[in-house]
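Undergrad: What follows is a predicted structure for the sequence shown.
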Amino acid sequence: MPGRKMQTLSDLKRSIRKASQILLITHLNPDGDAVGSMLALSVALQKMQKRTVCVCDGKIMEKYAFLKSAGEILKPDRIDAVFDLAIAIDCADQKRMGSAEKLFFAAKENANIDHHGTNESFGRINIVHSVSSSGELIYELIEELGTGLDAETAECLYTAISTDTGNFTYSNTTKKALLYTAELIGLFDYTRTADYLYRTRTYENTRLIAKAIDNLSLYEEGRAALMYLCRSDLAEADVKNPDYEMIVNYASEIDTVKVAVFLRELKDGGYKLSLRSSGDLDVAALCAEYGGGGHKNAAGCSMNAPFEEVKETILSAVKKLLNA
Ligand code: 5GP
Ligand code: MN
């Protein structure tokens, strides 16, 4: 990322050594990379006798509850301490921290570890590289810290790297991502973890997928797909622990589709958008125009407008992208 102020892992190690109370923050709607990376780093820092607190402004999905320390992740409003160091992990921009943003900037020192191309280096220390996952960067940081790998860190890092690479199938599946993962296998119960991540779904969430597929339409001669879930769909499905993560794939996997959009109505109004694209079609740039961001082929943003307006806005942006 040229022109940006970038620091090295050894700069971050120096700040970690100086700190005794360290706050770890990950993003809203936390995914496997967010939760896995944060917990792995927390375990490593605790081995250095650091006091760590993990926060996330959002519910940790039931799917990740199997991770040993997932229950220790707190909501930002439970915290009023000032930390020696705050580390944002997997946050494409500072707003992705939600209400934890103020804790980040209140800390005496702060660092931003992320792998999103749209990250604008909002930290004082920035470790931002376009690699497979934040988990890959945390793996390297743990190597730099010299705290070693154990069953818990390995399981967390595997969760991070494997989920962000689509179980090692997306184009971000690099040799390095696989080599790091190879070092993790054998340290934890790999098939049990894979069962939780890739082979388990509640009946309620299966019903939710059915509702979203019911609300799926194609546009632009089948090159675009849009699916949605409104509050009424959620109420009908009565899902206590909704999992939206993979829903957009049912649209993007349609053979003719180049850009897929999933719209989800939020509790307090407005919509959360998830976009997926293939090849050179850059949905991160598209989402950035609406205040969001992400990766070239997987990105998101929010829109605060009525459904028809949101739908029209995104479909016209997608049409422009497809015909550029
Ligand atoms: P998802 O669609 O799975 O929620 O997100 C896809 C990717 O886009 C993830 O890497 C996620 O971090 C990023 N992303 C999702 N929503 C936003 C957003 O509102 N702003 C930014 N900057 N990135 C987002
Ligand atoms: Mn990530």
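TA: Structure's in. What do you need? Ligands and ions are numbered 1, 2, ... in the order given.
Undergrad: can you tell me if stretch 309-322 touches ligand 1.
TA: No: judged by C-beta under 6 Å from any ligand atom, stretch 309-322 and ligand 1 are separated, with a smallest distance of 13.0 Å. (Each C-beta comes from the backbone N, C-alpha and C, glycine too.)
Undergrad: Centre of the chain to that stretch, how far?
TA: Relative to the centre of its chain, stretch 309-322 is centred 24 Å away, using C-alpha atoms, centre = their mean, to the nearest Å.
Undergrad: in that stretch, what counts as buried?
TA: By neighbour count on 16 or more other C-beta atoms under 10 Å, the buried set for stretch 309-322 is 310, 311, 314, 315, 317, 318, 321, 322.
Undergrad: Could you list the domains of the chain?
TA: As recorded under automatic domain parsing, the domains making up the chain are 9-198, 203-322.
Undergrad: Please identify which of the ones you listed is closest to ligand 2.
TA: Minimum separation from ligand 2 across the domains of the chain (C-beta to the ion) falls at domain 9-198, 3.4 Å.
Undergrad: anything in the closest one near ligand 2?
TA: Yes: using C-beta under 5 Å from the ion, we find that domain 9-198 touches ligand 2 at 33, 90, 134, 164.
Undergrad: Please apply the same query to stretch 289-300.
TA: No: on the criterion C-beta under 5 Å from the ion, stretch 289-300 is out of touch with ligand 2, staying 8.2 Å away.
Undergrad: State the mean pLDDT of that stretch.
TA: What stretch 289-300 shows for mean pLDDT is 96.
Undergrad: Can it be said to contact ligand 1?
TA: Yes: contact of stretch 289-300 with ligand 1 (C-beta under 6 Å from any ligand atom) involves 292, 293, 294, 295, 298, 299, 300.
Undergrad: Can I get that stretch in CSV, CA atoms only?
TA: Extracted in CSV, the C-alpha atoms of stretch 289-300 (Å, rounded to 0.1, in the frame of the first residue of the first chain):
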residue,chain,number,x,y,z
GLU,A,289,-18.5,5.0,-2.8
TYR,A,290,-21.2,4.3,-0.1
GLY,A,291,-18.9,4.5,2.9
GLY,A,292,-18.0,0.8,3.0
GLY,A,293,-15.2,-1.3,1.7
GLY,A,294,-13.6,-4.7,1.9
HIS,A,295,-11.8,-6.8,-0.7
LYS,A,296,-12.1,-6.7,-4.5
ASN,A,297,-14.4,-9.7,-4.7
ALA,A,298,-16.1,-9.5,-1.3
ALA,A,299,-17.2,-6.2,0.3
GLY,A,300,-19.9,-4.5,2.2
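Undergrad: Buried residues in that stretch, which are they?
TA: Applying 16+ other C-beta under 10 Å to stretch 289-300 flags 290, 292, 293, 294, 295, 296, 297, 298, 299, 300 as buried.
Undergrad: Out of those residues, which two sit at the greatest distance?
TA: 290 and 297 (17.3 Å; C-beta to C-beta).
Undergrad: so where's the stretch 1-150 of the chain shaky on pLDDT?
TA: 1-5 (pLDDT under 70).
Undergrad: That one: helices as residue ranges?
TA: 9-18, 32-47, 101-106, 134-145 (DSSP state H, counting those that start in this stretch).
Undergrad: the inter-axis angle of the second one versus helix 9-18?
TA: Taking axes from the mean of the first three to the mean of the last three C-alpha atoms, to 10 degrees, helix 32-47 and helix 9-18 form an angle of 50 degrees between their directions.
Undergrad: ok, and for helix 32-47, which residues are buried?
TA: Buried-residue list, helix 32-47, by 16+ other C-beta under 10 Å: 32-45.
Undergrad: ok, now stretch 184-202?
TA: For stretch 184-202, using 16+ other C-beta under 10 Å, the buried residues are 184, 187, 188, 190, 193, 196, 197.
Undergrad: Contacts for stretch 201-221 next, please.
TA: 62, 224-229, 233-234, 236-244, 246-247, 250-251, 254, 256-257, 262, 315, 318-319, 322 (C-beta atoms under 8 Å, 6 or more residues apart in numbering).
Undergrad: List only buried entries from those.
TA: 62, 224-229, 233-234, 237, 239, 242-244, 247, 250-251, 257, 262, 315, 318, 322.
Undergrad: So which of the contacts of stretch 201-221 are in strands?
TA: The strands, defined by DSSP state E, take in 224, 225, 226, 227, 228, 229, 262 from those.
Undergrad: Make a markdown table from the residues you listed and add pLDDT and distance to ligand 1 to it.
TA: Output for those, formatted as a markdown table (pLDDT from 0 to 100; distance: C-beta to the nearest ligand atom, whole Å):
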| residue | pLDDT | distance to ligand 1 |
| --- | --- | --- |
| 224 | 98 | 16 |
| 225 | 99 | 14 |
| 226 | 98 | 14 |
| 227 | 98 | 13 |
| 228 | 98 | 14 |
| 229 | 98 | 13 |
| 262 | 98 | 7 |
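Undergrad: ok, of those, which one's closest to residue 145?
TA: Using C-beta to C-beta, residue 262 comes nearest to residue 145 of these, at 37.8 Å.
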